[in-house]
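Asker: Quick one, what's the 3D model for this:
(one chain, ligands or ions: 2)
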Amino acid sequence: MNVGNASGFFNQQLSGRGRLSRLMPVFFISILMSEVSTARAGQVYSNSFSGPIGTTYHEWTSSPITYVSATQPPRHGALPAPEVGTTESPNHARRFLGEFGDPVIGKPGDAGWNRTRVEQTVSLTLHDLPAHAALKVSFDLLILKSWDGNSPAYGPDRWSVSVAGGPTLLATTFSNNPKVAAEGSHQDYPKPQSAPHTGAVSTGTLDYDGFFKDSIYRLEFIFPHSAKELRLDFHGSLFEGKGPADESWGLADVMIETVPLPDAKTR
Ligand SMILES: [Ca+2]
Ligand SMILES: [Ca+2]
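Answerer: Ligands and ions are numbered 1, 2, ... in the order given. Presented below is the predicted three-dimensional model:
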């Protein structure tokens, strides 16, 4: 059993069940047995982030946030690495890890206001994985508010996920900006110059913004991997710097499974 899994998954689950166990011990046991029976073979990590808002997990960390403005000369700097914890959508429909990607840099009237690239990497680190030849990672990516895709004026707004010391699984742009004719806000997922929201499993279900809305992508990757330690780097590179009320991202329902090598491929 993976150490990161044990503390991340089961602590998170038990924190919610502790209340249940005091109230309904029989019900608690039945839930536990049900989840044991439905756990997938090969699963080494799973987190639904459904615990109390603000819950943190030792296996999830953030880089410092760096920024560079598009002014000449560019203004640049870094903010300390923020704590990575859970939050909830405005309509309470979804709890997830976030929001990431776009702290407020400067204020209206500053040089570089609205023209600043902001970078943040959120990492999942697991130790003591069982013997394996390949891994499958699956998760929901939440693209929130006014992401601009390939817009020359307000983007590009980029997102990627990579294996430390290994392959980049996805490097693309996302857009919630429907003004494609005026602002060139296509996205490169799932293929170059796609319409905003293409491939999303849902759009506008979280009540973040009436115009730009929000979109959720269910992503899954299989890659060769045999080391006992895994670090996945989820990276946002957003252009604007107006703060999380403008554009941000989050992660939900993250699962890691061991899979046979013959099935391994990067897609
Ligand atoms: Ca925007
Ligand atoms: Ca942008």
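
Asker: any idea whether the residue nearest to residue 201 when sequence neighbours are not counted is helix, strand or coil?
Answerer: Leaving out its chain neighbours, the residue that sits closest to residue 201 by CB to CB, 6 or more residues apart in numbering is residue 218, at 5.0 Å. C-betas here are computed from N, CA, C, even on glycine. The three-state label given to residue 218 by DSSP: H, G, I helix; E, B strand; the rest coil is strand.

Asker: Buried by neighbour count: which residues of stretch 182-195 qualify?
Answerer: 183-189, 194 (16 or more other CB atoms under 10 Å).

Asker: Return the subset of those residues lying in helices.
Answerer: Among those, the members found in helices (DSSP state H) are residue 183.

Asker: Take the buried residues of stretch 182-195 and write them to TSV, including pLDDT.
Answerer: Converted to TSV, those look like this (pLDDT from 0 to 100):
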residue	pLDDT
183	97
184	98
185	98
186	98
187	98
188	98
189	98
194	98
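
Asker: which of the buried residues of stretch 182-195 sit farthest apart?
Answerer: 183 and 189 (17.6 Å; CB to CB).

Asker: How much space separates the closest residue to ligand 2 within the stretch 1-150 of the chain from residue 118?
Answerer: Closest contact between the stretch 1-150 of the chain and ligand 2, by CB to the ion, is at residue 148 (4.0 Å). Between residue 148 and residue 118 the computed distance is 13 Å (CB to CB, to the nearest Å).

Asker: got any residues that touch both of these two?
Answerer: Shared contacts of residue 148 and residue 118 (CB atoms under 8 Å, 6 or more residues apart in numbering): 239-240.

Asker: Give me every residue in the stretch 1-150 of the chain lying close to ligand 1.
Answerer: The stretch 1-150 of the chain comes close to ligand 1 at residues 146, 148, as judged by CB under 5 Å from the ion.

Asker: give me the low-pLDDT residue ranges for the stretch 1-150 of the chain?
Answerer: 1-39 (pLDDT under 70).

Asker: of all of it, which residue lies closest to ligand 1?
Answerer: Nearest to ligand 1, among the residues of the stretch 1-150 of the chain, is residue 146, at 3.3 Å (CB to the ion).

Asker: Much appreciated, bye for now.
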